[in-house]
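Asker: my questions are about this predicted structure, shown below with the sequence.
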Amino acid sequence: MFDREIHFRSMLAFLLVVLVMGGILRFILPARDFIIATLLPPYVGTVRIWESGAAALSRINGDSTVESTVVSLGARVAELEARHRLDTQLLEQFYSVPNSKDAIPARIIDTRADATGNQAALTYDIGADVQVGDLIVNQGILIGIIERAGKGIATLAYTFAPLNERSATLISQNTSVILYGKGGGFYGAEILREVQISEGDILVDSERQDIVIGEIVSIDQSPARPFSEALIRAPITISTLYEVLILPHDR
């Protein structure tokens, strides 16, 4: 027998859920650009989930703000996919480190081994000769340096962690540049104005130029300053790091 009271309660519960979800979405919309901006290529699927959810809610309550969010997220998906293709081309052009005979295979077991997220923990063959100062790379991209080493386990410090510095070479001008870590796979650099730079320029490690550090993604120039401020991005995603290589240093 059809129970109208139960049916009414079900409909009321559904409407309450819709209203609550609408309120939550409206609350987080101001922060959405910041959140989505931190998503790199492996998370394109997550962005699509956001897009689908926003579209569904828009159909339910006819909210034009949500509809504009759908358009914004769709554009971001396209941007991320284009970024991923450029990263792939970059790796194909400079990827040579895995051919190194002295490379030691390792696996990241914790991408955030400290409270600040500036360190990671990794494991490797217990008989491998791993020492403090050895470099860590992933698909030819510099990730970090061994900070502490034990038997089969070590801690690495990300080279792009805040306050860290690294000497790099700007390939297009064959010029040395000092990079300072900004966190999250990004570096900053102050480059003299007379040095011609452009977005997309590649920087490699000064000590081992078969290792890519990153590419320039933005440039800030002011007539009042004698240098250009460049933002350099390593084409990696920290949260998905797993298989890496340890490159013995100074031996």
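Answerer: Ah, there it is. Because the structure is a prediction, the values reported are computed rather than measured. Numbers count the residues shown, from 1 in each chain.
Asker: tell me the strands beside the one helix or strand Thr169 maps to, with direction?
Answerer: Secondary-structure element containing Thr169, defined by DSSP states H and E: strand 165-170. For strand 165-170, the pairing partners within the sheet under DSSP bridges are strand 175-183 (antiparallel), strand 202-205 (antiparallel).
Asker: only alpha carbons, please: show the shortest one as CSV.
Answerer: As requested, the backbone C-alpha atoms of strand 202-205 are provided in CSV (Å, rounded to 0.1, in the frame of the first residue of the first chain):
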residue,chain,number,x,y,z
ILE,A,202,64.1,25.3,-19.9
LEU,A,203,66.5,25.2,-16.9
VAL,A,204,68.7,22.2,-16.2
ASP,A,205,70.9,21.4,-13.2
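Asker: what does that strand contact?
Answerer: 90, 94, 135, 142, 166-172, 177, 179, 210-216, 232 (C-beta atoms under 8 Å, 6 or more residues apart in numbering). Using the backbone N, CA and C atoms, a C-beta is placed for each residue, glycine as well.
Asker: this protein: strands as residue ranges?
Answerer: Using DSSP state E, the strands of the chain run over 104-110, 119-124, 135-138, 141-149, 153-158, 165-170, 175-183, 186-192, 202-205, 212-220, 227-233, 243-247.
Asker: in a markdown table, list these along with distance to Leu16.
Answerer: Output for the strands of the chain, formatted as a markdown table (distance: least, C-beta to C-beta, whole Å):
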| stretch | distance to Leu16 |
| --- | --- |
| strand 104-110 | 40 |
| strand 119-124 | 43 |
| strand 135-138 | 47 |
| strand 141-149 | 47 |
| strand 153-158 | 45 |
| strand 165-170 | 54 |
| strand 175-183 | 41 |
| strand 186-192 | 43 |
| strand 202-205 | 54 |
| strand 212-220 | 44 |
| strand 227-233 | 44 |
| strand 243-247 | 47 |
